[in-house]
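**Student:** No letters, just coordinates:
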């Protein structure tokens, strides 16, 4: 389970050190791809395989389904942790996520999101707004 938020730095070679408590579930490899909110999404291989199965069931004749496939798969990059618990993130993904040096690593239960600090701060402001709290109250959680 991935929980919490952590601030890290991308080194000059495009490597991100993964929080120590997140490394074990990622030991079998992972995939980083474009997220839905100008962030990046990182999936352990088992979770990625489940997502792939669901995406492959979408009708190819549906334009929005094709666009979703393109978003997810064209941006995907597989990776393995090195001995120091780092992964290399391709430049095109860092550019998409507007991540230059600092990055916020966010646990999302079964996957991880990577955010630029400015984008994460803006998202947190929205998440923590009264309007969202009222909406979530209706979910009966």
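**Tutor:** Looks like it came in fine. Not measured: the values here are computed from a predicted model.
**Student:** Identify all residues paired with the residue most central in space within the chain through a beta bridge.
**Tutor:** Closest to where the C-alpha atoms of the chain average out (CA atoms, centre = their mean) is residue 41, at 1.5 Å. Beta-bridge partners for residue 41, by DSSP bridges, are residue 33, residue 113.
**Student:** Enumerate every residue touching it.
**Tutor:** For residue 41, the contact set (CB atoms under 8 Å, 6 or more residues apart in numbering) comprises 32, 33, 34, 35, 111, 112, 113, 114. Where you see a C-beta, it was placed from the backbone N, CA and C, and this is true even at glycine.
**Student:** So what's the residue count around the fifth one?
**Tutor:** Read it as residue 111. 19 (other CB atoms under 10 Å).
**Student:** neighbouring contacts of the helix or strand bottoming out on mean pLDDT in the chain?
**Tutor:** Lowest by mean pLDDT, DSSP states H and E among the helices and strands of the chain is helix 130-137, with a mean of 71. Here helix 130-137 makes contact (CB under 8 Å, 6+ apart) with residue 126.
**Student:** repeat for stretch 17-29
**Tutor:** 2, 4, 6, 8, 42, 44-46, 78-81, 84-87, 105, 107, 112.
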